[in-house]
Each structure stands twice: as structure tokens, then as C-alpha cells.
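Participant: here is a sequence together with a model predicted from it:
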Amino acid sequence: MEEKLEERGQPTIQLEPVIVETLDLYCKIGEQAYRDHYLHLWPDQDPSPYIENSFRARLVQTELVQKNNLHYLVRSGATIIGIAKLVLNKNPKGLIFSDPVFLEKIYLLKEYTGKGYGPKVLSTLHDRARQLGMGYICLSTMQKGRALSFYLKMGYEILREEVLPFENAIPEEKGMYLLGRSLK
């Protein structure tokens, strides 16, 4: 089953749910997209701690059977441009929102960033969350870099400061913000 956002004259963005047969592809695309954008966070540009906790088939396969974890391959037409993960009914620690969803992962391959895909993908994820009855979406993003201004333009607000939860990340790169917005 594919979720589509129809746009005239533009390639359609689809969220293809990950299944056992596409699990390895999801991990490969996710790891590559992460490496494309976040090597600067890690000593010797080695993101192994994050990769081991995010893009190993055994971990993702365990999450696929949990109904609140929704992993997607993100397509533009027939081309896979990235991955995304939504976690349903997840409130950030210390905060309570009605019908919350957490956008845990949204990674586009480097060749598709800066070309207008980001807003389409995010809007498609918002639409999917609404279809599932979610009313508020949160995500964490780095304090440095272009992602923060992108999310603010997309209607998100800064809720609080956070820190990348990996000890071995470069200390001056660990600053994050928790962002949120209504889906109604």
C-alpha cells in the first residue's frame, strides 16, 4: 500500500511501508542518507554508534512488528529518495500532547536535498499522520545546520533544547532542539 500526495505536473511523493522484503534496502538507504549529512557529528567521521542503533536489519525487523513504529521508503515516482520513520502515540519526555506522533527519522539522499523534495515529503508525512488520527507532531533536529530553518518555515516551533544522546559524538555538535506543531 502506498500513500500519495497528488500534485499537478510534479512527481508524486509516496511513502512505501517497509516490509521484510524491503528491510535491507531501507537500512542501506537510511545509512547512506545519514552519512550524506551527518558525518561532521562524529570523531573521525565515523557514525557507527548511530548506524548500529538505527539501521541494522535485526533492530528494524523487531520494530516492524510493533504497530506504533512505521518505517517508510520515500519515493518520488519510481525513485527512492530517502527514508522516514513515524512513532505513533509517543510524547516527548515531560510533555503531553493529544494524539502525538514523533517523526523519529527523515533522511533524504544528498542528491535530492535542496531541490524542493523536503516540503513535499514532510507534507506527505503530515498527511499520513492525520490519516492515522494524530493531532500533534514532534521531532528533534540539530541546532546547527539548515534543517532547523526548514522546519521553522514548515510551521514547527522550538519546544526546548536537547542534546544528541550519544556519548561519543563531538561535544560542540551535540546541541539539538525538540520541535513540534499541530497537525490540525
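Facilitator: Now that the structure is in, tell me what you want to look at. Numbering: from 1, shown residues only.
Participant: ranges for the helices of the protein?
Facilitator: In the chain, helices defined by DSSP state H lie at 23-38, 48-54, 57-64, 117-131, 147-153, listed in chain order.
Participant: so which of these is nearest K90?
Facilitator: Minimum separation from K90 across the helices of the chain (CB to CB) falls at helix 117-131, 11.5 Å. For glycine as for every other residue, the C-beta is placed from the backbone atoms N, C-alpha and C.
Participant: of the helices of the chain, which is nearest S140?
Facilitator: helix 147-153 (10.1 Å).
Participant: the closest one: how far from the chain's middle?
Facilitator: The chain centroid and the centroid of helix 147-153 are separated by 14 Å, computed with CA atoms, centre = their mean, to the nearest Å.
Participant: equivalent analysis for stretch 174-184, please.
Facilitator: 12 Å.
Participant: same question for it, mean pLDDT?
Facilitator: In this model, stretch 174-184 carries a mean pLDDT of 97.
Participant: do you know how far E63 is from R75?
Facilitator: Remark: distance between E63 and R75 (CB to CB, to the nearest Å) = 20 Å.
Participant: follow-up on the earlier one: can you redo the helices of the chain as CSV, where the extra columns are mean pLDDT?
Facilitator: Formatted as CSV, these follow (pLDDT from 0 to 100):
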stretch, mean pLDDT
helix 23-38, 97
helix 48-54, 95
helix 57-64, 95
helix 117-131, 97
helix 147-153, 96
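Participant: for F97, find the nearest of these.
Facilitator: When the helices of the chain are compared by CB to CB, helix 117-131 sits nearest F97, at 12.1 Å.
Participant: give the buried residues for that closest one.
Facilitator: Within helix 117-131, the residues that qualify as buried are 117-118, 120-122, 124-129, counting by 16 or more other CB atoms under 10 Å.
Participant: can you pull out the strands in the chain?
Facilitator: 3-5, 13-17, 69-76, 79-88, 100-108, 136-142, 157-163, 175-182 (DSSP state E).
Participant: worst mean pLDDT among these?
Facilitator: Among the strands of the chain, strand 3-5 carries the lowest mean pLDDT, a mean of 38.
Participant: if we can go back for a sec, columns distance to P49 and mean neighbour count on top of the strands of the chain, output as CSV?
Facilitator: CSV is the format used below for those (distance: least, CB to CB, whole Å; neighbours: other CB atoms under 10 Å):
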stretch, distance to P49, mean neighbour count
strand 3-5, 32, 15
strand 13-17, 27, 20
strand 69-76, 20, 22
strand 79-88, 18, 21
strand 100-108, 15, 22
strand 136-142, 16, 21
strand 157-163, 14, 14
strand 175-182, 15, 18
